[in-house]
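Asks: Whatever this is, show me its structure:
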Amino acid sequence: MQTQRAIINVSMPPAMAKRVAKLAKEENRTKSELLRQAFRAYEFDKDWTKIRAWGEETARRMGIKTEEDVERIAG
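Replies: Okay, the predicted model is just below:
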């Protein structure tokens with residue numbers, strides 16, 4: 001059974017398009033596979049940015065500034 005795909009046209013500067021093609025060839029995969037992986041990495045980074053912001057806000061709210069503060073609270 002084949003997975004369904006949606007076709008998305010993407011425009012980019014010619015120099016970037018050449019770098020995409022070159023990297024895909026070097027890694028022996030398609031440009032589509034390369035761009036899908038780039039998107040997954042982008043989503044992962046975006047999720048971690050939200051998690052870090054939540055952690056920083058929680059630390060501020062709880063007065064956590066050092067590892068010793070964490071150990072004191074967890075202790």
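Asks: The closest residue in space to I64 that isn't next to it in sequence: which element?
Replies: Nearest-residue entry for I64: V70, 6.0 Å, with adjacent residues in sequence omitted and distances by C-beta to C-beta, 6 or more residues apart in numbering. Glycine gets a C-beta too; all of them are placed from N, C-alpha and C. V70 is part of helix 67-74 when elements are defined by DSSP states H and E.
Asks: Grab the longest helix from this structure for me.
Replies: With DSSP state H applied, the helix covering the greatest number of residues in the chain is identified as helix 31-62.
Asks: what helices or strands is that helix leaning on?
Replies: Packed against helix 31-62 by the contact rule (3 or more C-beta pairs under 8 Å, 6 or more residues apart in numbering; DSSP states H and E) you find helix 14-26.
Asks: Packing partners of the helix it packs on?
Replies: For helix 14-26, the packing partners by 3+ C-beta pairs under 8 Å, 6+ apart come out as helix 31-62.
Asks: tell me which residues of the helix it packs on are tucked away?
Replies: Under the neighbour-count criterion of 16 or more other C-beta atoms under 10 Å, helix 31-62 has L34 buried.
Asks: and that helix, average pLDDT?
Replies: Predicted confidence along helix 31-62 averages 94 (mean pLDDT).
Asks: and the angle for that helix with helix 14-26?
Replies: 100 degrees (axes from the mean of the first three to the mean of the last three C-alpha atoms, to 10 degrees).
Asks: next one: helix 31-62 to chain centre, how far?
Replies: On the basis of C-alpha atoms, centre = their mean, to the nearest Å, the separation between the geometric centre of helix 31-62 and that of its chain is 5 Å.
Asks: now swap in stretch 58-67 and tell me
Replies: Relative to the mean C-alpha coordinate of its chain, stretch 58-67 is positioned 26 Å out (C-alpha atoms, centre = their mean).
Asks: what distance separates the start and the end of that stretch?
Replies: The separation between the terminal residues of stretch 58-67, taken as C-alpha to C-alpha, to the nearest Å, is 14 Å.
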